[in-house]
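Trainee: Sequence plus the predicted model coming up.
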Amino acid sequence: MKIFFMVSLLFAPIFLLGQNCHERYTKDVESPEKIVQAVLESISGDKGVERDWDRFRNLFLPSAQLNAVFHRNDSSWVKINTISEFIDKAGTWYIDNGFHEYAIKNQVDAFGNMAHVFQSYGAKIAGGGEIERGINSFQLVYDDGRWWIVNLIWDRETETVKIPEKYLK
């Protein structure tokens, strides 16, 4: 019995911290529109400012992927990342450069407990103008009383592939 009590004391703070994290961000996961806005708010910030990675992680299913399409000349490829891989690779760059991503337009389609958000976006770094525009494609599911991001894939605008007008107005 003493062992059970000691183990309970050790893990109770961890459990309570996790609960508080989820409760702190309940408004972020109330709708597809709010959850995709929370992603942008989580990764955006001035130079030298730490990002709220607990908030960011709370938006995604633990098995979610964050995938980027890259282009070079006339070829392209996809880089697939777990949430942790994305944070490890992008997090420091965001802090070092002061990165702000903003939505231009959200196109939301939903059926039952799933939704898809096609979001046109722009991005800026500290002291500069827009560095890129593109489309974020979010696949979402409503489960356990909240929305979750299952998958996020994005592709940036290039000289030959422009964002269609219907995603800009």
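Mentor: Received the coordinates, thanks. Numbering: from 1, shown residues only.

Trainee: Report all helices and strands that the helix or strand containing Ile95 contacts.
Mentor: Element membership of Ile95, judged by DSSP states H and E, is helix 83-97. Applying 3 or more C-beta pairs under 8 Å, 6 or more residues apart in numbering; DSSP states H and E, one finds that helix 83-97 makes contact with helix 53-58, strand 60-72. C-beta coordinates here come from the backbone N, C-alpha and C atoms, glycine included.

Trainee: Show me what the first one packs onto, helices and strands only.
Mentor: Applying 3+ C-beta pairs under 8 Å, 6+ apart, we find helix 53-58 packed against helix 2-24, helix 32-43, helix 83-97.

Trainee: Over to the last one?
Mentor: In terms of contact count using 3+ C-beta pairs under 8 Å, 6+ apart, strand 60-72 is assigned the packing partners strand 75-81, helix 83-97, strand 146-156.

Trainee: Show me which residues of the longest one are buried.
Mentor: Of the residues in helix 83-97, those buried by neighbour count under the rule 16 or more other C-beta atoms under 10 Å are 83, 86-87, 90, 94-95, 97.

Trainee: what's near enough to touch Ile163?
Mentor: The contact partners of Ile163, taken as C-beta atoms under 8 Å, 6 or more residues apart in numbering, are 104, 120, 133-135, 157.

Trainee: same thing with Ala115?
Mentor: For Ala115, the contacting residues are 32, 108-109, 138-142, 147, by C-beta under 8 Å, 6+ apart.
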